[in-house]
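Peer 1: this one's structure only:
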């Protein structure tokens, strides 16, 4: 055999160690993998994985045959799977089997939807409440989401729950009617039906349906009335989230119309100071006495003012209007306060009674303070329009307004002395503010008068200078040619 060329022999000598090293590394990797596969000792764990935080994206179970199959059945089923994916349940890995049962790990329909695997299919309306409640009343499961766990127990005490569970009335509202089915969203999501701005329309979807409400003899114009109320305008027009929704007064899961004896407490959740004033009144100590709704209404609450004390023409009433003719006990018929125009003091108190005179005194005190405030406000506006600095007057007028507002609230005590004490302060402060404004207007007038005098002097000087210049030119005669 001929010997290799010298250059080829040198190349082989260089490559041979490299190939040998590569072979040894490969053999080492194979041995490491074999040992790892044969070693039964599990790899160290980093500890139990934390549950997904509310709202955090969490994948569905690793093998979710429900989604795979249902997404391919038809458009309706496909839409359902897409709704679930973006729902609060889908985002937190709460899969189909959590509500429907079955085995989501099997791709065989007879296994996945087997009753032996707990498959219940589509829960009926009564069962749906229990299905939701199984999770939402579980303290351990709800702790990570910081959700209350008393919704089911509350629902069972509500008008809706009582009718569903006691007389099997499946027309009443259940969880899915308000929260959705596969597309459940957080209550804080502005697109959720239960977001505060959306609650009135949500309730109206049932309560404004004449056909649905007919068996219960419930009026269906509450939403229409609420829209025009001071509460409805604040929530729906101004989007003021502090304004009450239906749930604020009736409850949500424990929905039930508040009884007359409960109304003061319900309104007092927001109107805390007013409730405290009312509880000082004679009205609050009567077994059958005026409550918030008597004077302000329910769904049709309007902004109160002094016009709400008396009818333009006193109504015709006698003793039996307010008292039982037999034992003279007080009676209070809700029908007499249905219309806003009848929510007046003289609906109960006859114009010849002492209590009517007290109401007149309260009205007169408020009228005086309000008239003083309006007058001062007008004068301050005139001074500001004249270019005067009126900050002192504005501060004093704001103090008058505060006292006037407090005086109006004090009406709930029904005490003339308490109201008058505040309206007197308001009147005095308004007079003080107007005095500031009058002084500024007088100062402005004086300035204008001084300006006229100064301008007149300036004009006289200008005319004098003009005449003087003209005389000088005249004495000099015509210029030499």
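Peer 2: Thanks, I have the structure now. Computed from a predicted model, the values in this text were never measured in an experiment.
Peer 1: remind me, longest helix of this protein?
Peer 2: helix 416-476 (DSSP state H).
Peer 1: helices or strands up against that helix?
Peer 2: Applying 3 or more C-beta pairs under 8 Å, 6 or more residues apart in numbering; DSSP states H and E, we find helix 416-476 packed against helix 354-385, helix 391-410. C-beta coordinates here come from the backbone N, C-alpha and C atoms, glycine included.
Peer 1: list the buried ones in the first one?
Peer 2: This means helix 354-385. Using 16 or more other C-beta atoms under 10 Å as the test for burial, helix 354-385 gives 356, 358-360, 362-363, 365-366, 368-370, 372-373, 376-377, 379-380, 383-384.
Peer 1: With stretch 134-144 instead?
Peer 2: For stretch 134-144, the neighbour count (16+ other C-beta under 10 Å) marks 135, 136, 137, 142 as buried.
Peer 1: Mind putting those residues into TSV with pLDDT, secondary structure and distance to residue 170?
Peer 2: Below are these laid out as TSV (pLDDT from 0 to 100; DSSP: H, G, I helix; E, B strand; the rest coil; distance: C-beta to C-beta, whole Å):
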residue	pLDDT	secondary structure	distance to residue 170
135	95	helix	22
136	97	helix	20
137	96	coil	21
142	95	helix	27
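Peer 1: How far off centre is the longest helix of the chain?
Peer 2: 51 Å (C-alpha atoms, centre = their mean, to the nearest Å).
Peer 1: residues of stretch 314-332 that come out buried?
Peer 2: Buried, per 16+ other C-beta under 10 Å, within stretch 314-332: 315, 322, 332.
Peer 1: what's the distance between the first one and residue 345?
Peer 2: Yep, that's residue 315 we're talking about. As judged by C-beta to C-beta, to the nearest Å, residue 315 and residue 345 stand 11 Å apart.
Peer 1: swap in residue 76?
Peer 2: For residue 76 relative to residue 345 (C-beta to C-beta), the value is 60 Å.
Peer 1: Of these two, give the one with the bigger neighbour count.
Peer 2: With neighbours defined as other C-beta atoms under 10 Å, residue 76 and residue 345 compare such that residue 345 has more, 22 against 8.
Peer 1: Now do the same contact list for the closest residue to the more buried one other than its chain neighbours.
Peer 2: Nearest non-adjacent residue to residue 345, counting by C-beta to C-beta, 6 or more residues apart in numbering: residue 359, 4.2 Å away. Contact analysis of residue 359 by C-beta atoms under 8 Å, 6 or more residues apart in numbering lists 309, 310, 345, 346, 349.
Peer 1: and if we set it to 10 Å?
Peer 2: By C-beta atoms under 10 Å, 6 or more residues apart in numbering, the residues touching residue 359 are 309, 310, 344, 345, 346, 348, 349, 351, 353, 411, 414, 416.
Peer 1: Equivalent analysis for residue 410, please.
Peer 2: Contacts of residue 410 by C-beta under 10 Å, 6+ apart are 274, 277, 280, 362, 365-366, 416-423.
Peer 1: Let's have those in CSV, adding pLDDT.
Peer 2: Shown next, in CSV, are the contacts of residue 410 (pLDDT from 0 to 100):
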residue, pLDDT
274, 96
277, 97
280, 95
362, 97
365, 97
366, 97
416, 96
417, 96
418, 97
419, 97
420, 97
421, 97
422, 97
423, 98
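Peer 1: Can you tell me which of the residues you listed is closest to residue 298?
Peer 2: residue 274 (16.3 Å; C-beta to C-beta).
Peer 1: Isn't the closest one up against residue 284?
Peer 2: No - taking C-beta atoms under 10 Å as the definition, residue 274 is not a contact partner of residue 284, at 11.7 Å.
Peer 1: where do the contact lists of those two overlap?
Peer 2: Common neighbours of residue 274 and residue 284 (C-beta under 10 Å, 6+ apart) are 264, 412.
Peer 1: ok, the residue lying closest to residue 239 once chain neighbours are set aside to residue 190 distance?
Peer 2: By the measure of C-beta to C-beta, 6+ apart, the closest residue to residue 239 outside its immediate chain neighbours is residue 197, 6.1 Å from it. Here the distance between residue 197 and residue 190 works out to 7 Å (C-beta to C-beta).
Peer 1: And residue 234, by the same measure?
Peer 2: Distance from residue 234 to residue 190, by C-beta to C-beta: 17 Å.
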